[in-house]
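Novice: sequence and predicted structure are below.
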Amino acid sequence: MMRTKRYIGIEIRALDNQIKRLIDSKIQKSAFCRLTGSNGWIIDYIRKKSPKPVYQKDLEAEFNITRSTASKVLNLMEEKGFIVRESVPEDARLKKLVLTPEAIEISKGMEADRDAIERQITKGFSEKELEQFYSYIERIRKNVSEI
């Protein structure tokens, strides 16, 4: 019997979609229903970097997203009242991303949900297997960045 060829890119994309749906379903069942998964990751990133300033370009690099995608997501987050953009004295064109008090509270509550999701995703893997998996991810990222 001939095996169907599998493609890592397709598998990663399918897994990404599955994890996004899991996160979004958890969010919809919680008090954070105005949030999307990506909003949650961004809020968490900004909170963990505090008190250091975070700019749009930082999010683009951290999450490997384009400028236009970052801009759209941040505009929506601003409309929802999760962030404000503040000018910085040294460059009026540069806008620092600042979490609102509501976003800070949401972030604290999301931590338990995120930890539960992470436990579910990594269930049955040893520490050694997880480290190996992360090394594969790093190699794939490096390979993709060379294209």
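Specialist: Yes, it's here.
Novice: apart from its chain neighbours, what residue comes closest to the residue nearest in space to the middle of the chain?
Specialist: The centre of the chain sits closest to Trp41, judged by CA atoms, centre = their mean, with a distance of 3.5 Å. Distances taken as CB to CB, 6 or more residues apart in numbering put Phe63 closest to Trp41, at 6.9 Å, once the chain neighbours are dropped. All C-beta spots, glycine's among them, are computed from the backbone N, C-alpha and C.
Novice: tell me who's in contact with the one you found.
Specialist: The contact partners of Phe63, taken as CB atoms under 8 Å, 6 or more residues apart in numbering, are 38, 41-42, 45, 70.
Novice: pLDDT score assigned to it?
Specialist: Listed pLDDT for Phe63 reads 92.
Novice: tell me how far it lies from Arg6.
Specialist: Counting by CB to CB, to the nearest Å, the gap from Phe63 to Arg6 is 26 Å.
Novice: please apply the same query to Lys128.
Specialist: Here Lys128 is placed at a distance of 24 Å from Arg6 (CB to CB).
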